[in-house]
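In: this one's structure only:
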C-alpha cells in the first residue's frame, strides 16, 4: 500500500490545539471597584425620597398692590348717572323767567324816576317862559306840554326797552354758560365712570395674572414631583451608558488525547509525502 493510500479523518488532520468555546465580557479589573461603588451610590441616590420645596412659589401681591386693588374695589361707579346730555331751549316755557333778573324793575325805577324829574324841570322852565311872555295857558303851552309828554314817554320807553334788552341778553348768556357747564358735567360723569371701569378692569387683569402665576407654579411643582420617579430611573439608566470599561476573555476547549494523536499522525504523514514527492 502506497503512502497516498493512507486516509486519515480530515477533521483530525488539521485540528488545532484547542477550539474557541465562546467569548465572555466583564468589567476590567482596574475599573471594577470604582464602577461598583459608583453604581451603588447612584442606586442609593435614586432610592432617596423626593424632597419638595415648601417655601413660597410666587411673590404674590405686594402690600401696595393690595391697597390699590382694595381702593379700586371701593370706588363707587354711578352708572345710573351715565348717559347722553339732553339740551334745553331758552324759549322753552318758564326757562326765560328763570334767567331774567328778578330785580330788573327795581333797577329801572331810578332811571325812570330821573327821567320824569328831568321832564318836570323842563316843564317848569317852559311855563316860566310862557308866563313872562303872556302865553301861559294858551295853545302854545298846550303844544309844548304835549311835546314834552311825548318826549318823556319816549325816554321812559327807551330806558325800559334798553333795560329789558340788556337783561334778556344777559339771561341768554347765563343760560348758555349753564348749559355748557351741564353738558361738560355730564361728559365728566361719563368719563369718570369709564375711567373707573377701565381702572378696575386693569386691576382685575393684574390680579388674574398674579393668580395665574401662582397656579402655573403649583402645576410645575406637581409635575416635578410626579415625574421624580421617572427622572430617578433615567438617572440610574444613565449611569450604565457609555462605560468603556469591559474586557474580553476567549476560553478554549482543550483537545482530547485521541485528537492529539491523530493531529501528530497527520503531521508525520505530511512529512513522508514530502520525501516521496521529492
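Out: Ah, there it is. Since the model is a prediction, treat every value here as computed from it, not as a measurement. Numbers count the residues shown, from 1 in each chain.
In: Torsion angles phi and psi at residue 84?
Out: Dihedral angles phi and psi of residue 84 (degrees, to the nearest 10) take the values phi -90, psi 150.
In: Quick check: it vs residue 183, distance?
Out: With the distance defined as CB to CB, to the nearest Å, residue 84 ends up 10 Å from residue 183. Where C-beta positions appear, they are placed from N, C-alpha and C, glycine not excepted.
In: Over to residue 124?
Out: Residue 124 is 57 Å from residue 183, by CB to CB.
In: which of these two has more neighbours?
Out: For residue 124 and residue 183, the more surrounded residue by other CB atoms under 10 Å is residue 183, and the numbers stand at 13 against 10.
In: Does that one lie in a helix or a strand, and which?
Out: Assigning secondary structure by DSSP states H and E places residue 183 in helix 139-239.
In: can you give me the offset of that helix from its chain's centre?
Out: Between the mean C-alpha location of helix 139-239 and the chain-wide mean there is a distance of 26 Å, by CA atoms, centre = their mean, to the nearest Å.
In: which other residues reach stretch 195-206?
Out: With contact meaning CB atoms under 8 Å, 6 or more residues apart in numbering, stretch 195-206 is reached by 65, 68-69, 72-73, 75, 77.
In: pLDDT below threshold where in this protein?
Out: Scanning the chain for pLDDT under 70 picks out the ranges 1-28, 30, 130, 132-141, 242-278.
In: Nearest to the spatial middle of it, which residue is it?
Out: When CA atoms, centre = their mean is applied to the chain, the residue found nearest the centroid is residue 205 (6.0 Å).
In: how close does it get to residue 158?
Out: From residue 205 over to residue 158 (counting by CB to CB), the distance is 70 Å.
In: just residue 237 next, same as before
Out: Distance of residue 237 to residue 158, given as CB to CB: 115 Å.
In: Ok, residue 89 next?
Out: For residue 89, the distance to residue 158 (CB to CB) stands at 29 Å.
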